[in-house]
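1. have a look; sequence and predicted model below, questions after that.
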2 protein chains.
Amino acid sequence: MNLQALETPALVLDAVKFERNVARMLAHIGKLGVAFRPHVKTSKSFEVARCMISTPEGPITVSTLKEAEQFFAHGIREILYAVSITPNKLDHVLRLRAMGARLTVILDNAEAAHAIAAKTQATGHTFDVLIEIDCDGHRAGIKPESTDLITVAHILHEGGVRLRGVMTHAGGSYSCTDINAIRTMAEQERRLAVRSAHRLIEAGFPCPVVSVGSTPTATFAENLEGVTEVRAGVFAFFDLVMAGLGVCQIDDIALSVLTTVIGHRADCGWILVDAGWMAMSRDRGTAKQSIDQGYGLVCNLDGTPLDGVIMVEANQEHGVIAHRSGDPALIPHLPVGTLLRILPNHACATGAQHQCYHVVRSRSAVNEVWPRFSGW
Amino acid sequence: MNLQALETPALVLDAVKFERNVARMLAHIGKLGVAFRPHVKTSKSFEVARCMISTPEGPITVSTLKEAEQFFAHGIREILYAVSITPNKLDHVLRLRAMGARLTVILDNAEAAHAIAAKTQATGHTFDVLIEIDCDGHRAGIKPESTDLITVAHILHEGGVRLRGVMTHAGGSYSCTDINAIRTMAEQERRLAVRSAHRLIEAGFPCPVVSVGSTPTATFAENLEGVTEVRAGVFAFFDLVMAGLGVCQIDDIALSVLTTVIGHRADCGWILVDAGWMAMSRDRGTAKQSIDQGYGLVCNLDGTPLDGVIMVEANQEHGVIAHRSGDPALIPHLPVGTLLRILPNHACATGAQHQCYHVVRSRSAVNEVWPRFSGW
């Protein structure tokens, strides 16, 4: 099978670029002497994840219990669920643990700690927990110097819950404007995670795990002293947001959406294609960057970008392609039926719209089809 | 089962509002004396579509051949595929027609017309085709006065393809700023579709079908003389974009995402929930309207909006809820574990992120679970 035989839109994974991205990250983190726990929320595919894990049992990071369940079904046992746990998910966590998953959860507040302690007391089954630390004010987590850190550790300890350590995510790194800022953020992420761990240890709690990570900080971290593991996800595929941030080159982007030209509006300089927001996602992550890539950067069938040509607008199953200047004269002639590949703003969001990856290695031969799942 | 028993995030459909929306549209279009061909791309669910179709065999409108296939499997035969056809989809169309689907396709250019004529000649199997008309410069279609209209009709006729008429979609109505503008757009949509039909008839072609529609224009159309059918999709669920446009009230929105409070950032006035963009979609359709609803309007468990509280930011599985003023004092106290329902910007995009509808009629009892499909 080759790409020309696919009905469009379809998700394409360039295995050469994907493997290169993975090898580069594994080498970098390995050199820094810490474990790597890939985030599988980007791919939601065992076939992708298995190229990144250090043993058949993991470790991995997940963003939903559905991911935990699906990857566990493939034999992966060492799983970190990296969204703060809620009372209504504890039974599900216990079911997975009872089946043999070494599933660790996170939390950043006393209410959740009380709930998990109460569940431990009520069931006689304990949980493995990391306390989430806020290293950049980006989203969730306890501030490293907050008294809450010790309060939450106490609640867990008193309740018989197994406190395993701390984790943090420098999500703020996505808003950095240059690589030096990302390096600084990586060091801040490390420093504040390690500081939080020290505070726990000083207060008499164990803290074997110090987990950090985001694709930008993982890529540019120069020193991970005191850290035990790094998490990252989108690095495997990369995308236009990461390229805009300087974390990768356009040529590193392994994911694209295959689409067919369905018509033209020559008066406007528009080419219409059959990939709209349903295939690309509504993500407009490059809108805030110095180069706005619209809904994606347009490439020809072999993945070479067409200079300055982007998807400027998207409806559900229609994409509008134009030159970023708006000049109709700068659009190449692409007859109805022409196949194109669109590089996405955000690999996690675009991947989520599809049910499988069409894996290519050479120009257009589809070597394998890797399934991916969705939902909760 | 009730909503409290669901693991979040989960998609909730208020059947009372849904049925009211459908009844209102069917009554309105019925009064105008034309057929109604609901667009099932919004729901991708047979259980939803069957509440809108006039016979068990349809008619319906679809945006993908996957939709055609799935609904055909439920006995629906009268199907319009309303995205311009490409050569690489013709075999799939023929397979569906061979199975008994009365599948009509659309096109707006000579290249596609030549391709479909060639396929007809090569296979001996013909196609039913509508020519897409551009009534508002919004996206695709042939301009009503263009010579292309007659050229394309000729190519189809010469090639033995069955020209069934014209269709148009006033997508520009989504950008109207008041109801009078929508009424004007509805009349323009009607007038230009009918004018195109007259041109075909004057040129000696048959034109039994004159198909128009969009939720805004269908809702406010006052006269459909010369039109044979109306299409609309999002009206069944409605959403914040439609409410912002004045096409519905907030209270008409039948779709919401159930989510759980996972934590707080009291210093920022943020409440964190377990519905992020994966559950809401990245759609920010209200950003350009007079009231920007962020990633969605927050309601309590029974669906009543919390005054001024919206989802201001979304990561993959995290939503950040705050008062639109940014004032932390205006956020109600919502402990970890609290269930909320978020009304979406765009029902088509939010629904697409989920695999089923949890159908509620009273406060929180889940009466049924309706599956929905995705992909191509």
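-> In hand now; what should we look at?
2. helices along the stretch 101-250 of chain A, start to end?
-> With DSSP state H, counting those that start in this stretch as the criterion, the stretch 101-250 of chain A has helices at A:110-123, A:147-158, A:179-202, A:215-220, A:240-245.
3. buried residues in the third one?
-> Taking 16 or more other CB atoms under 10 Å in any protein chain shown as the neighbour-count basis, helix A:179-202 is seen to contain the buried residues A:181-183, A:185-197, A:199-200. Glycine gets a C-beta too; all of them are placed from N, C-alpha and C.
4. wait, what's in contact with the residue of chain A positioned farthest from its centre?
-> Centroid-distance maximum for chain A: A:Asp267 at 39.7 Å, with CA atoms, centre = their mean. By CB atoms under 8 Å, 6 or more residues apart in numbering or on different chains, the residues touching A:Asp267 are A:Pro328.
5. where does chain A dip in pLDDT?
-> For chain A, no stretch is flagged by pLDDT under 70.
6. next, format the helices of the stretch 101-250 of chain A as TSV and append distance to B:Ala254.
-> Below are these laid out as TSV (distance: least, CB to CB, whole Å):
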stretch	distance to B:Ala254
helix A:110-123	32
helix A:147-158	40
helix A:179-202	43
helix A:215-220	38
helix A:240-245	33
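7. so for chain B, which of those helices sits nearest?
-> Nearest of these to chain B, taken as CB to the nearest CB: helix A:110-123 at 3.8 Å.
8. just how off-centre is the closest one within its chain?
-> With CA atoms, centre = their mean, to the nearest Å as the basis, helix A:110-123 stands 29 Å off its chain's centre.
9. spell out which parts of the stretch 151-300 of chain A neighbour chain B.
-> Counting by CB under 8 Å from any CB of the partner chain, the residues of the stretch 151-300 of chain A lying close to chain B are A:171, A:260-265, A:272, A:274, A:277-279, A:281-284.
10. which of those residues lies closest to A:Val12?
-> A:Ala279 (11.3 Å; CB to CB).
11. please, where are all the helices along the stretch 251-376 of chain A?
-> Going by DSSP H, counting those that start in this stretch, the stretch 251-376 of chain A shows helices at A:277-280, A:347-351.
12. show me the strands in the stretch 1-150 of chain A, by range?
-> Per DSSP state E, counting those that start in this stretch, the stretch 1-150 of chain A carries strands over the ranges A:10-14, A:35-38, A:60-62, A:78-81, A:102-107, A:128-133.
13. quick check: domain ranges of chain A?
-> A:3-11+A:247-371, A:15-237 (automatic domain parsing).
14. so which of the helices of the stretch 251-376 of chain A is nearest B:Glu67?
-> helix A:277-280 (11.0 Å).
15. how about residues contacting the closest one?
-> In contact with helix A:277-280 (CB under 8 Å, 6+ apart) are residues A:9, A:11, A:257, A:259, A:295-296, A:311, A:314-317, A:319, A:342, A:344-345, A:350, A:353-354, B:63, B:283, B:349, B:352, B:376.
16. and it, how far from the chain's centre?
-> Remark: helix A:277-280 is offset 18 Å from the chain centroid, using CA atoms, centre = their mean.
17. re earlier: need the helices of the stretch 251-376 of chain A in CSV with mean neighbour count, can you?
-> Listed next are the helices of the stretch 251-376 of chain A as CSV, based on neighbours: other CB atoms under 10 Å in any protein chain shown:
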stretch, mean neighbour count
helix A:277-280, 27
helix A:347-351, 26
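18. can you lay out the ones you listed as CSV showing distance to A:Val234?
-> Output for the helices of the stretch 251-376 of chain A, formatted as CSV (distance: least, CB to CB, whole Å):
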stretch, distance to A:Val234
helix A:277-280, 16
helix A:347-351, 5
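19. go through these and name the closest to A:Ile29.
-> The nearest among those, by CB to CB, is helix A:347-351 at 19.3 Å.
20. other SSEs contacting that closest one?
-> Under the contact criterion of 3 or more CB pairs under 8 Å, 6 or more residues apart in numbering or on different chains; DSSP states H and E, helix A:347-351 touches strand A:255-265.
21. packing partners for the strand it packs on?
-> strand A:10-14, strand A:270-273, helix A:277-280, strand A:339-343, helix A:347-351.
22. can you redo these as TSV with distance to B:Glu158?
-> Putting the helices and strands packed on strand A:255-265 into TSV (distance: least, CB to CB, whole Å) gives the following:
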stretch	distance to B:Glu158
strand A:10-14	33
strand A:270-273	25
helix A:277-280	34
strand A:339-343	28
helix A:347-351	41
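23. looking at these, which is closest to B:Thr104?
-> With CB to CB as the yardstick, what comes closest out of the helices and strands packed on strand A:255-265 is strand A:270-273 (19.3 Å).
24. A:Gly33 is in contact with A:Leu224, isn't it?
-> Yes - contact criterion CB atoms under 8 Å: A:Gly33 and A:Leu224 qualify, at 7.0 Å.
25. compare the two (neighbour count), which wins?
-> A:Leu224 (25 against 10; other CB atoms under 10 Å in any protein chain shown).
26. these two touch, right, A:Glu189 and A:Val212?
-> Yes - here A:Glu189 reaches A:Val212: they are 4.9 Å apart, a contact under CB under 8 Å.
27. before we move on, back to that, out of the helices of the stretch 101-250 of chain A, which comes closest to A:Ile76?
-> Of these, nearest to A:Ile76 by CB to CB is helix A:215-220, at 20.0 Å.
28. tell me which strands and helices the closest one is in contact with?
-> Short answer (3+ CB pairs under 8 Å, 6+ apart): helix A:215-220 packs on helix A:15-31, helix A:179-202, strand A:229-232, helix A:240-245.
29. now render the ones you listed as CSV, adding distance to A:Thr120.
-> CSV is the format used below for the helices and strands packed on helix A:215-220 (distance: least, CB to CB, whole Å):
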stretch, distance to A:Thr120
helix A:15-31, 33
helix A:179-202, 19
strand A:229-232, 25
helix A:240-245, 40
